[in-house]
Each structure stands twice: as structure tokens, then as C-alpha cells.
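Q: what's the 3D shape of this:
(chains A and B, ligands or ions: 2)
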Amino acid sequence: MLDLFLVELWRSLLMLRRYPLELLGAVVTLSLIFYLLFLGARFLAGPGAEFGGKLEAVLVGYLLWTFTLGAYNGLAFGLTEEAQTGTLEQVFLTPYGPIPLFLVRNLAELLGHALLVLLVALCLMPLTGAKLAFPPLVILPFLAVLLGGYGLGFAVGSLALLYKRVGQLLGLSQFLLLFLLQAPGEGLFALLPLTPGAALAREMMAEGAPLRPWALLLACLNGGAYLGLGLILFAQAVRRAKATGLLHGY
Amino acid sequence: MEPLLVAQGLAKRFGTLEAVRGVSLALCPGEILAFLGKNGAGKTTTVKMLSGLLLPDGGSVRLLGQDPFRNPGALRHLGAVLEGNRNTYWRLTPLENLVYFGVARGLRLFQARRRAMVLLEEYGLLEKAHTEVRHLSRGMQQKLALLQALVHDPEVLLLDEPTLGLDVETALRVQEKVRALAQGGKAILLTTHQMEVAEALAHRIAIIHRGRIVLEGTKGEILARFAGNHYVLELETPPPQEVLSRLRALGVEGEGPFLYRGDGEGLWRVLEALKPLPLKRVARAEADLLEVFLKVVEHA
Ligand SMILES: Nc1ncnc2c1ncn2[C@@H]1O[C@H](COP(=O)(O)OP(=O)(O)OP(=O)(O)O)[C@@H](O)[C@H]1O
Ligand SMILES: [Mg+2]
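A: Numbers count the residues shown, from 1 in each chain, chains lettered A, B, ... in the order given. Ligands and ions are numbered 1, 2, ... in the order given. As a prediction, this is how the structure comes out:
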């Protein structure tokens, strides 16, 4: 398993090195989207408007979104692409089984996603003048959010495996994700995927609040539950795909 | 010898189409089974069921005694070149592909690397080891697909049209390699539309038609069975008219090389009729696989 992780990590780093423009493109696009929204909001609010702590909170939500995005749609994109190019069946021939392999692959791609978020943060902080705190402990709610993101990723991955063309759905649902990451983390909202962890991270980074252990526990339970759900769905989808011969392109 | 791969009564339907109906196969070490059939006969469907990629509606697959659907660990012993697939990552180099797939198939990282270098060297791809696969020629890509199936040194190989799109020389070289792999003890299933490739390599032959196996046996047995009692005769010079008419009376056909359909006893009568004309060749006619294939598939 360790070797599998290392080789997946190596592969994802190779891709980053060989196709750096893809990362750069993502950084520019993601930074630009937020910056334009920011400019638009400032224009509407009139000159000299102050957003107070709101700007920071929104930016943290946005960064979390870019972070979760990779976990959310990475698997579905990967499956679609590999089914089309015809490597998916070879990947399924692994003795580790497809689910452990994709879990390990997700984990290995984390580094690339973290790099992306960091670069977007470094672009947007000076551009918008937002001041973010990076307490090391904030990594914990990030991870909780990530678990849920992977869970949702396995769920849409199931759709990708069975229905192939999920590009549209992915595009639209990404904005749903944005909503989840900006929603309050209390009450019924805490049952939605991602929300409790996102709310906690927002508190910590935008307001400099300390880590609340109970909130973290809730966030982890939430993330773990959605990950479990996603994996169950994915296992079903793999079975369906194997039964109907959907592992390849047509 | 114990078969390494056993399939029993495999069946698969797609909607109303019964693509595979009750296919049973066994692959023993050191043996090449040529799996032949027309387009759409069910070869690829069978191969995918054997490799755990397609769940059969009925029947079972045992790979070294294990069910690859229940226990993916069994796939450690299987390598496959799948038809119509690229089989490798286009944005990686051959070396990277082999290392990646080696580890994904259960090797340790250092083992995969060592094995990759050995294979690239052996198959003459070393100088392209660091070129992205998308920049390789089609033949090289196909060769790499084979290496990808070999990287973890599996006991069982499923090769679905491995020589598709290769030039004559490369195809021959791949043929040699496949033969050598079998001599080294691997159990190999090979599908191909090139009958001469199948005839050159196969120890056993199975012909599938509309999802059913219609003929199975060792190559020698099948060719002999279809050859029947036919003899080919050649003379140094064309026979005079009266000899020719005697031959015709005995039922000899043909002009240049003559064909006699009859038993050994009848053959002596033919030879008697030819005496004392100089003979160039007398031989029992051999069926070739193409002939067998066409006959079987027509009559099925
Ligand atoms: N995933 C699928 N969904 C629906 N039908 C399928 C699927 N895969 C194969 N078939 C059908 O099953 C039949 C057998 O196909 P298969 O690919 O096994 O043939 P084959 O013997 O490999 O042919 P070829 O020589 O052309 O490769 C064909 O009629 C094909 O259209
Ligand atoms: Mg086929």
C-alpha cells in the first residue's frame, strides 16, 4: 500500500511538472473569478465601503471551495477521461481492488490541491487586501471538510462510471458546493455535507477563533459519514458497471 | 497439468443479445490457446469476464483457484492486453507507465523499476524509455501494451488481438516473444483474426461462434481431423492424355498438383495408374487453420 501511495504521488507530481500550465491556468481562473466578484461587490457597495470581517469569511469559504473542488470532481473527471482513453480497465485489473486504489489516488493528489489553494490564497490576499490567519490547527477542520468532499466525490464518481457524461452536472453542482461551504454550521445545517467543518475553519481563519473540539468532532463525524455513504454508492456503481460492461468508453 | 485459469459455463447477455452462451475454457501453464471467431462472436466479452472486468450472468471463473470477482488479489496472477484500448497512459513515458502499472499490480517500487528496465531493454524500447507514449508510433504503443501486461510477471496472459496494427516484422517479433513466454511456462489465451498467427503459435484452438464454442481441441488433432483422407500428387512432367483419363476415372481432381480424395488403398491404384511417370511429390493434404475456420463457422 505504501508503494502504491508513493507511485500515485509520483505520478501526480510528474503531471504537475510536465503540465504546469494546467495548474497555472487553474490558479489564474480561480483567482480571477473571486477577484471579479469582489470588484463587482465593491462597485455596488460604493467607494470606500468596508466589508469588515465579512471579506475574510467569504474568502476562507472560497479557498475551502477550491480545496474541496479537487476532492469533489477529481475522481469523476479521472474516471470519465480514463474510460474514454481506455486505461480504466487496466486500472481495474489491480489486485488492490479499485476502491482502495482510488482512495490512495485521492490522497496522493492532495498535495497538488493544497498547492493550488496556497497559490490562490497568495494571489487573492494582496489583491483584495484580506488578512487571513493560518493557525496550524486549522488543518483539522480542513481535513474534516475534505473527508466529506471525497464522499461527495465518490458519489458523483459513481454517476460518472455509470453515465459517463457528467460534465454538466459537475459544473452546476460545484456551485451547490460553494453554498455548503458558506452555510452556517449549526442546527439542521450541520447535517448537510461539509458545513460543520467549513464553519469551524471560517471562524478560525477569519476571526482568529480557537479550535472548538466539539465542533471538530461534529465536523469529523459529518465528513466520515458522507465518505462512508459515498464509498457504499461507489461500490454499488462498480458492481453495476461490471455487470453491464460500462468500464470502457462506449 | 493443473490449469491456471478455468472458466465454466460463462454466459453474458446485453439486453436481448446473448453475447456469450455457456463458454468453458481451461488454460494450462506453457500452453497457448488460440481463441478464434468472427467479429462479434463474443471473444472480447469472454476475455473481459475472464479478467474480472465483466460480471458473468452465469458460470464461474477461477484464477489459480480464486474467484477474481470476490478476491481481486487473484488478479496479481493475470496480465491482459485489452482490445481497442490504449492500455497505457499517453501522458507518461514507457518507463513511467511500466513502473506505475507494476506497482498498481502489486510489485514494490524498486522491483517495478528494475523489471521495467529489463523489459524495455528486451523489447527494444529502451531508447524510447523517456518519450511520452503519445509520441510513440502505434506499433511501439502496442508493444508497450504487451509489456504493461507482463510487468508483474503474471502466470496467466490474456492477449486480445496483440498484433493488431503491427508491421510484419514487429508482428513476427511479438509472435516470437509470445511463443517464448509460453515456453517459459505462462498460460496464454490469444485472440486474433490472423489465422496464420494462430496456426503458428497455438497448441490448442477454440472457435467461438455466436457466443458458443463450436470447436475445441489441440491444433494437431483439429488439423488432422479436417484434413481427412486427401492426398496431393505432383509429377515432374504433365501426364499424357491416356494417363490423365485413367486418373480421372479413379476420381483424381486438379491440373497441376493433383488432389485425390480417398483412402490409402485407393492411393495405390492411383500410383499404379501413374507408373512409370516420374513423381515429384506425394503427400497427405494438410488442412490449414483458415480452411478449418471457414468450414466450422459456415456450418455452425
Ligand atoms: N458493453 C456492451 N454493451 C452491449 N453490447 C455489447 C457490449 N460489449 C459487447 N457487446 C456485443 O456483444 C457481442 C460480442 O462482442 P465481442 O466484443 O465479444 O465480440 P468479439 O468476438 O470480440 O468481436 P471482434 O472480433 O470484432 O473483436 C457483439 O454483438 C457486441 O456488439
Ligand atoms: Mg473483440
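
Q: Residue B:105 and residue A:94 touch, don't they?
A: Yes - Residue B:105 is within contact range of residue A:94, at 6.3 Å (criterion: CB atoms under 8 Å). All C-beta atoms are positioned from the backbone trio N, CA, C, and that covers glycine.

Q: Just want to know which of these two has more residues nearby.
A: Shown here are residue B:105 and residue A:94; by other CB atoms under 10 Å in any protein chain shown, residue B:105 has more neighbours (24 against 21).

Q: And that one, its phi and psi?
A: Main-chain dihedrals, residue B:105, degrees, to the nearest 10: phi -100, psi 10.

Q: how much space between it and residue A:236?
A: 25 Å (CB to CB, to the nearest Å).

Q: Equivalent analysis for residue A:177, please.
A: 23 Å.

Q: who's more crowded, those two?
A: Per other CB under 10 Å, whichever of residue A:177 and residue A:236 has more neighbours is residue A:177, with 21 against 12.

Q: what about the strand or helix carrying the more buried one, average pLDDT?
A: Per DSSP states H and E: residue A:177 is located in helix A:167-182. Across helix A:167-182, pLDDT averages out at 84.

Q: Check which helices and strands the helix or strand just after that helix sits against.
A: Once the chain leaves helix A:167-182, the next helix or strand it forms, by DSSP H and E, is helix A:195-207. In terms of contacts (3 or more CB pairs under 8 Å, 6 or more residues apart in numbering or on different chains; DSSP states H and E), helix A:195-207 is packed against helix A:54-85, helix A:139-163, helix A:167-182, helix A:213-244.

Q: In JSON lines, list those helices along with distance to ligand 2.
A: What follows is the helices and strands packed on helix A:195-207, written out as JSON lines (distance: least, CB to the ion, whole Å):
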{"stretch": "helix A:54-85", "distance to ligand 2": "18"}
{"stretch": "helix A:139-163", "distance to ligand 2": "22"}
{"stretch": "helix A:167-182", "distance to ligand 2": "29"}
{"stretch": "helix A:213-244", "distance to ligand 2": "18"}
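
Q: from memory residue A:157 sits against residue A:235, does it?
A: No - if you go by CB under 8 Å, residue A:157 and residue A:235 don't touch, sitting 11.1 Å apart.

Q: These two: which is more packed in?
A: Remark: of residue A:157 and residue A:235, residue A:157 carries more neighbours, 29 against 15, as counted by other CB under 10 Å.

Q: Checking my notes, residue B:185 in a strand, right?
A: No - read with DSSP: H, G, I helix; E, B strand; the rest coil, residue B:185 is coil and lies in no strand.

Q: tally of neighbours for it?
A: Counted with other CB under 10 Å, residue B:185 comes out at 12.

Q: Equivalent analysis for residue B:29, please.
A: Residue B:29: 16 neighbours (other CB under 10 Å).

Q: do the same with residue A:89
A: Counted with other CB under 10 Å, residue A:89 comes out at 20.

Q: Are the helix or strand it falls within and chain B in contact anywhere?
A: Counting by DSSP H and E, the element that carries residue A:89 is helix A:88-92. Yes - contact of helix A:88-92 with chain B (CB under 8 Å from any CB of the partner chain) involves A:89, A:90, A:91, A:92.

Q: Need the mean per-residue confidence for that helix.
A: Helix A:88-92 comes out at a mean pLDDT of 93.

Q: Beyond it, next helix or strand please.
A: Next in sequence after helix A:88-92, counting helices and strands by DSSP H and E, comes helix A:98-128.

Q: For that following helix, enumerate the helices and strands it packs against.
A: helix A:2-18, helix A:20-45, helix A:54-85, helix A:88-92, helix A:139-163, helix A:213-244.

Q: Out of those helices, flag the one nearest residue A:186.
A: helix A:213-244 (9.2 Å; CB to CB).

Q: residues of that closest one that come out buried?
A: A:215-216, A:218-220, A:222-223, A:226-227, A:229-231, A:233-234, A:237-238, A:241-242 (16 or more other CB atoms under 10 Å in any protein chain shown).

Q: repeat for stretch B:84-100
A: Of all the residues in stretch B:84-100, those buried under the rule 16+ other CB under 10 Å are B:85-89, B:92-100.

Q: quick one: it to chain centroid distance?
A: From the chain centre to the centre of stretch B:84-100 is a distance of 25 Å (CA atoms, centre = their mean, to the nearest Å).

Q: That stretch vs ligand 1: in contact?
A: No - using CB under 6 Å from any ligand atom, stretch B:84-100 stays clear of ligand 1, coming no nearer than 7.6 Å.

Q: who touches that stretch?
A: Contacts to stretch B:84-100, defined as CB atoms under 8 Å, 6 or more residues apart in numbering or on different chains, come from residues A:7, A:11, A:14-15, A:18-19, A:85-87, A:89-90, A:248, B:44, B:81, B:101, B:109, B:112-113, B:115-117, B:119-120, B:125, B:128-134, B:136, B:140-141, B:144-145, B:147-149, B:151.

Q: Check stretch B:174-182 too.
A: So stretch B:174-182 is contacted by B:30-32, B:123, B:142-143, B:146, B:150, B:157, B:159, B:162-163, B:166, B:188, B:190, B:197, B:200-201, B:203 (CB under 8 Å, 6+ apart).

Q: Could you list the low-confidence segments of chain A?
A: Residues of chain A that meet the criterion pLDDT under 70 lie in A:47-53, A:249-250.

Q: Grab the most central residue of it for me.
A: residue A:68 (1.6 Å; CA atoms, centre = their mean).

Q: what's the neighbour count on residue 6?
A: By default, I'm working from chain A. For residue A:6, the neighbour count with other CB under 10 Å is 15.

Q: my bad, chain B
A: Neighbour tally, residue B:6, other CB under 10 Å: 18.

Q: is it in a bridge, and if so with what?
A: Residue B:6 has these beta-bridge partners by DSSP bridges: residue B:26, residue B:62.

Q: Surely it touches residue B:23?
A: No - taking CB under 8 Å as the definition, residue B:6 is not a contact partner of residue B:23, at 11.7 Å.

Q: Tell me which residues touch the residue nearest the centre of chain B, please.
A: The residue lying closest to the centre of chain B (CA atoms, centre = their mean) is residue B:34, at 3.0 Å. Going by CB under 8 Å, 6+ apart, residue B:34 touches B:190, B:191, B:192, B:198, B:199, B:201, B:202, B:204, B:205, B:206, B:219.

Q: Strands - which of these land there?
A: Applying DSSP state E to these, the entries found in strands are B:190, B:191, B:204, B:205, B:206.

Q: Could you say which helix or strand holds the closest residue to ligand 2 within chain A?
A: Chain A approaches ligand 2 most closely through residue A:248 (11.5 Å), counting by CB to the ion. Using DSSP H and E, residue A:248 falls within no helix or strand.

Q: Give me the phi and psi for the residue of chain A found nearest chain B.
A: Chain B sits closest to residue A:86 of chain A, with a gap of 3.4 Å, by CB to the nearest CB. Main-chain torsions, residue A:86, degrees, to the nearest 10: phi 90, psi 40.

Q: Assign a three-state SS to the closest residue to it other than its chain neighbours, would you?
A: Sequence neighbours aside, residue B:85 is the residue nearest to residue A:86 in space, at 3.4 Å (criterion: CB to CB, 6 or more residues apart in numbering or on different chains). Under three-state DSSP, residue B:85 falls in the coil class.

Q: Please export the C-alpha coordinates of whichever strand or helix holds residue B:177 as CSV.
A: Residue B:177 belongs to helix B:168-183 when assigned by DSSP H and E. Coordinates of each C-alpha in helix B:168-183 appear next as CSV, following Å, rounded to 0.1, in the frame of the first residue of the first chain:
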residue,chain,number,x,y,z
VAL,B,168,5.1,-7.5,-40.5
GLU,B,169,8.4,-7.6,-38.8
THR,B,170,7.2,-6.3,-35.4
ALA,B,171,4.3,-8.7,-35.5
LEU,B,172,6.7,-11.6,-36.1
ARG,B,173,8.9,-10.4,-33.3
VAL,B,174,5.9,-10.2,-31.0
GLN,B,175,4.9,-13.7,-32.1
GLU,B,176,8.3,-15.0,-31.2
LYS,B,177,8.0,-13.3,-27.8
VAL,B,178,4.6,-14.9,-27.2
ARG,B,179,6.0,-18.3,-28.0
ALA,B,180,8.9,-17.8,-25.7
LEU,B,181,6.6,-16.7,-22.9
ALA,B,182,4.6,-19.9,-23.3
GLN,B,183,7.9,-21.9,-23.3
